[in-house]
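[1] have a look at this prediction, sequence included:
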Amino acid sequence: MVGTAAVSVAAANAGASAQAQSTTATIDRHSTQVSFTVNGTRRELTVDNRTTLLDALREQLALTGTKKGCDHGQCGACTVMVDGRRINSCLSLAVMHEGDEITTIEGLGTTSDMHPMQAAFVRHDGFQCGYCTPGQICSSVAVLEEIAAGIPSHVTEDLAAQMQVTDAEIRERMSGNICRCGAYANIIAAINDVAGRPA
Amino acid sequence: MRQFTYERATSAASAAAAVADNGNAKFIAGGTNLLDLMKLEIETPTHLIDVNGLGLDKIEATEKGGLKIGALVRNTDLAADERVRRDYGVLTRALVAGASGQLRNKATTAGNLLQRTRCPYFYDTNQPCNKRQPGSGCSAIGGVTRQLGIVGVSDQCIATHPSDMAVAMRALDATVETVKSDGVTRSIPIADFHRLPGDTPHIETALDQGEIITAVTLPPPVAGRHVYRKVRDRASYAFALVSVAAIVRPDGTGRVALGGVAHKPWRVEAAEADMPNGAATVMRKLLDGARTTEENEFKVTLAERTLAGILEETKG
Ligand SMILES: Cc1cc2nc3c(=O)[nH]c(=O)nc-3n(C[C@H](O)[C@H](O)[C@H](O)COP(=O)(O)OP(=O)(O)OC[C@H]3O[C@@H](n4cnc5c(N)ncnc54)[C@H](O)[C@@H]3O)c2cc1C
Ligand code: SF4
Ligand code: FES
Ligand code: FES
């Protein structure tokens, strides 16, 4: 795994320098030009095909808010929204996002103009070290949207009824985001707060 | 990860042709299993064909009263589809029991069926594994086997198929629709889609090289209570130790398929006649010929108790 990470960082850097050299990029067989929108800004990149969306965001676009925890879909630190849906950016190739609209934690809000979910995480102390937090916040925003859209979960009792925001639903739907510091209780409080439920 | 070339497919047949002509080419859909394995260099394709643009992302009613699920329909969308929730509840339940919200947003119907085993030795490239490297031996036999298969196993491999969705599809008698490079289509009953390991555990399905899945078709709905119960080491975001997909009619008859026990979703139709007689009778037939280890024999009891719980819950 250590070796893999080194290769992907090198790959990302190789892509960045290729882009710097020429805008009419002569692309070798193992690189591809791709354009997508990140936080409302159109971006054009040449990436080594191996570059994950996560590495493209962090290494080429310097959007380091999105974190790399496991790099294997097991922790949720890399969660971003693509076309309004949360995904693990570590298990997706950058070249597969042509034309997509990507929102990262930087796009949800800024320190002076926070997204309500960011503000609620601060208010409820929904983190300790903060490493999992960008992923937790992106996921939290998506979870409330998924419940509103009527997407069922493992703990939804009646598949025909209107979905509700409950502690059990929040826990289940947030299970793809691991917090090594164990800030879970306060994360649930933050999400409940944004959902307008009493803590 | 090894270097690879990348192309976006423009039609299912041309995608099939590109993979049929190149033994080192692979389709990529959600990428959630393939990329994981490519990072570990367990899969080392030199060419990837992205099938996401093929428009195979619709769920349509069939003339026979069933549903045709496009190969690229995301697990989230399949689970949330109103018709699936109403008429094929076991499928929604199985889908939402798998992986995480983020993964289900990417994972596709075809990719889920074709996801590879979670045998720990398959993942450890320092260890022999007949599935990863044919002829190298099976490290699991005589090794750590708690998560591994108990029925339909062979002397070459005792791995399980990890999908939840596929177990529900087996209970529903789904059909896998494919197209080959020459344009010839096939409808493969799900019972024949996944293979037992036998002497060739690296050959996992009935698909030919380059054969692409275009859809999965469900027959008309099966009446009864639809239940999927998954038992795992933690309450969420973990693979099944044992799972049971069941459809139970008011008179106690129905269907049952198991996950976490074999190289494929496990169903023995002849065992189902015994459902009104209780879980123990069913399991005797369903797990007939089971070959367990000291570490995984608990799965026999667990499967029986899980089914007993379902039969109790669905009574009357
Ligand atoms: C942390 C983690 C936890 C998970 N937990 C669970 C779980 O609890 N239960 C569960 O069931 N699953 C679980 N999964 C697995 C997940 O469901 C699969 O990774 C996913 O379904 C694969 O779909 P995909 O579209 O991403 O496939 P891909 O990774 O894109 O492809 C998988 C394979 O299918 C082939 N393929 C894709 N589309 C086609 C096509 N149309 N025709 C022919 N071949 C095709 C590819 O070539 C590849 O070999 C988990 C995964 C992770 C990472
Ligand atoms: S059980 Fe199968 S997958 Fe696991 S080590 Fe043996 S051959 Fe490999
Ligand atoms: S870094 Fe993507 S899930 Fe852990
Ligand atoms: S706050 Fe430290 S990992 Fe979650």
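    Nice, thanks for sending it over. Ligands and ions are numbered 1, 2, ... in the order given.
[2] residues in contact with residue B:200?
    Neighbour list for residue B:200: B:134, B:156 [criterion: CB atoms under 8 Å, 6 or more residues apart in numbering or on different chains]. No exception for glycine: its C-beta is placed from N, CA and C like everyone else's.
[3] please repeat the previous calculation with a cut-off of 6 Å.
    When contacts are counted by CB atoms under 6 Å, 6 or more residues apart in numbering or on different chains, residue B:200 touches no other residue.
[4] equivalent analysis for residue B:18, please.
    residue B:49.
[5] and chain B, which residues reach ligand 2?
    Residues of chain B lying near ligand 2 by CB under 6 Å from any ligand atom: B:117, B:119, B:121-122, B:129-131, B:138-140, B:148, B:157-159, B:201.
[6] let's see that with 5 Å instead.
    Chain B has residues B:119, B:121, B:122, B:129, B:130, B:131, B:138, B:139, B:140, B:157, B:158, B:159 near ligand 2, with proximity defined as CB under 5 Å from any ligand atom.
[7] distance of the fifth one from residue A:176?
    When you say that, I think you mean residue B:130. Relative to residue A:176, residue B:130 is positioned 32 Å away (CB to CB, to the nearest Å).
[8] the first one now?
    Applying CB to CB, one obtains 23 Å for the distance of residue B:119 from residue A:176.
[9] buried residues in stretch A:192-199?
    Counting neighbours by 16 or more other CB atoms under 10 Å in any protein chain shown, one finds that the buried residues in stretch A:192-199 are A:192, A:193, A:194, A:195.
[10] how about a markdown table for those residues, with distance to residue B:247 and pLDDT added?
    Written out in a markdown table, the entries for these read as follows (distance: CB to CB, whole Å; pLDDT from 0 to 100):
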| residue | distance to residue B:247 | pLDDT |
| --- | --- | --- |
| A:192 | 36 | 98 |
| A:193 | 41 | 98 |
| A:194 | 39 | 98 |
| A:195 | 35 | 98 |
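[11] how does chain A divide into domains?
    If you go by automatic domain parsing, the domain ranges for chain A are A:30-104, A:116-195.
[12] pick the most buried one from the ones you listed.
    domain A:30-104 (a mean of 22; mean count of other CB atoms under 10 Å in any protein chain shown).
[13] near ligand 1 at all, that domain?
    Yes - Domain A:30-104 is in contact with ligand 1 by CB under 5 Å from any ligand atom, via A:73, A:74.
[14] give me the contacts around stretch B:281-291.
    Under the criterion CB under 6 Å, 6+ apart, residues B:150, B:151, B:153, B:268, B:271, B:274, B:275, B:300, B:304 lie in contact with stretch B:281-291.
[15] ok, so of the residues of chain B next to ligand 2, who is nearest residue A:48?
    Nearest to residue A:48 among the residues of chain B next to ligand 2: residue B:122, at 27.0 Å, using CB to CB.
[16] how much space between the closest one and residue B:17?
    Separation of residue B:122 from residue B:17 (CB to CB): 30 Å.
[17] sketch out the strands for the chain, chain order is fine.
    Here I'm looking at chain A. With DSSP state E applied, chain A shows strands at A:31-38, A:41-48, A:79-82, A:85-88, A:101-103, listed in chain order.
[18] that was the other one, I meant chain B.
    Under DSSP E, chain B gives strands at B:5-8, B:25-28, B:47-50, B:59-61, B:67-70, B:175-179, B:185-189, B:212-218, B:225-231, B:242-248, B:254-259.
[19] what residues does the stretch 151-300 of chain B put near ligand 1?
    By the rule CB under 5 Å from any ligand atom, the part of the stretch 151-300 of chain B lying against ligand 1 is B:163, B:164, B:212, B:213, B:239.
[20] the residue lying closest to the fourth one once chain neighbours are set aside: what's it in contact with?
    Counting by CB to CB, 6 or more residues apart in numbering or on different chains, the nearest residue to residue B:213 once its immediate chain neighbours are dropped is residue B:110, at 3.9 Å. Residue B:110 makes contact with B:29, B:71, B:213 under the criterion CB under 6 Å, 6+ apart.
[21] which residues does the second one contact?
    Residue B:71 makes contacts with B:56, B:109, B:110, B:213, B:214, B:215, as judged by CB under 6 Å, 6+ apart.
[22] out of the residues you listed, the closest to residue A:120 would be?
    Ranked by distance to residue A:120 (CB to CB), the contacts of residue B:71 are led by residue B:109 at 35.8 Å.
[23] okay, the residue of the stretch 201-316 of chain B found nearest ligand 3: pLDDT?
    Taking CB to the nearest ligand atom, ligand 3 has its nearest neighbour within the stretch 201-316 of chain B at residue B:237, 10.7 Å off. Per-residue pLDDT puts residue B:237 at 97.
[24] and it, how far from ligand 2?
    For residue B:237, the distance to ligand 2 under the criterion CB to the nearest ligand atom, to the nearest Å works out to 22 Å.
[25] same question for residue A:115.
    Distance from residue A:115 to ligand 2, counting by CB to the nearest ligand atom: 44 Å.
[26] any idea how far residue A:122 is from that residue?
    Using CB to CB, we find residue A:115 at a distance of 11 Å from residue A:122.
[27] list the contacts for the closest residue to residue B:193 other than its chain neighbours?
    Taking CB to CB, 6+ apart, and ignoring the residues beside it in sequence, residue B:193 has residue B:176 as its nearest neighbour in space, at 5.0 Å. Applying CB under 6 Å, 6+ apart, one finds that residue B:176 lies in contact with B:188, B:193, B:213, B:216.
[28] so where's chain A shaky on pLDDT?
    Low-confidence regions of chain A, defined here as pLDDT under 70, cover residues A:1-27, A:199.
[29] residue A:107 contacts residue A:39, correct?
    Yes - the criterion here is CB atoms under 6 Å, and residue A:107 meets it with residue A:39 at 3.0 Å.
[30] circling back to that earlier point, possible to save the buried residues of stretch A:192-199 as TSV with distance to residue A:186?
    Supplementary listing: the buried residues of stretch A:192-199 in TSV, determined by distance: CB to CB, whole Å:
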residue	distance to residue A:186
A:192	10
A:193	10
A:194	13
A:195	15
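[31] need those residues in TSV (columns: distance to ligand 2).
    Conversion of the buried residues of stretch A:192-199 to TSV gives the following (distance: CB to the nearest ligand atom, whole Å):
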residue	distance to ligand 2
A:192	43
A:193	46
A:194	44
A:195	43
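[32] where exactly do the helices run in the chain?
    Just going to use chain A. Remark: helices of chain A, listed N- to C-terminal, are A:2-21, A:53-55, A:105-108, A:116-123, A:133-148, A:167-173, A:184-194; assignment by DSSP state H.
[33] please go with chain B instead
    Remark: helices of chain B, listed N- to C-terminal, are B:12-20, B:34-39, B:75-80, B:82-87, B:89-96, B:101-106, B:109-113, B:120-123, B:165-171, B:190-193, B:279-286, B:298-313; assignment by DSSP H.
[34] return the most buried member of the ones you listed.
    Taking mean count of other CB under 10 Å as the contact definition, the stretch among the helices of chain B with the greatest mean neighbour count is helix B:165-171, which reaches a mean of 29.
[35] that one near chain A at all?
    No - using CB under 6 Å from any CB of the partner chain, we find that helix B:165-171 stays clear of chain A, coming within 13.2 Å at best.
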